[in-house]
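# Predicted model and sequence follow; I will ask about them next.
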Amino acid sequence: MIKKLTLVLAIIALPLLTTLPTYADCGDTKTHLISCDSSTGTGSLGALISITLTVMSVLIGIVAVGGLAYAGVIYASARDDQTKVDEAKRIIRNIVIGIVLYGFTIAIISWLIPDSVISTPEPSPSTSVSPSVSITPSQSPTAN
């Protein structure tokens, strides 16, 4: 069974590995998955952390939804068995605690490395802000 699973994963991974992007220069280092905008390569660490957190967020979301579905099935099939009800509640509690702790982890990393994990998009130059209009005393309307 494990040999078949390994073969299937190898068949799936082989085309993905052959289509990876080419190397890019990032300062003095050639990078494979991360491109940087500067000649020093300081943006690479933030990009790597951002990619890692994105992948982890997706995986944690999938595991959390699967765990909640599993706990729901246990809870629904418990009927009068109090141990199954307690097990389902324990699973749901642990999933919620895990999601909250992961949120705190992202907040701490964002605090330690600002503007690299959760970045706000820069406004494009095409967006214009209308200038404010002020009335000088010589232009103020007079009452007759």
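Now that the structure is in, tell me what you want to look at.
# what's the helix or strand for residue 71?
helix 43-76 (DSSP states H and E).
# Packing partners of the helix or strand just after that helix?
Counting by DSSP H and E, the next helix or strand C-terminal to helix 43-76 is helix 82-112. Where contact means 3 or more C-beta pairs under 8 Å, 6 or more residues apart in numbering; DSSP states H and E, helix 82-112 is packed against helix 43-76. Quick note: C-beta positions are derived from backbone N, CA and C, even for glycine.
# Please name the residues that touch residue 92.
68, 71 (C-beta atoms under 8 Å, 6 or more residues apart in numbering).
# what pLDDT does it get?
Note for residue 92: predicted pLDDT of 96.
# Repeat that for residue 31.
64.
# Correct me if wrong: residue 49 contacts residue 112.
No - with contacts counted by C-beta atoms under 8 Å, residue 49 stays clear of residue 112, the gap being 9.8 Å.
# and these two? which has more neighbours close in?
Neighbours were counted for residue 49 and for residue 112 using other C-beta atoms under 10 Å; residue 49 has more, 16 against 10.
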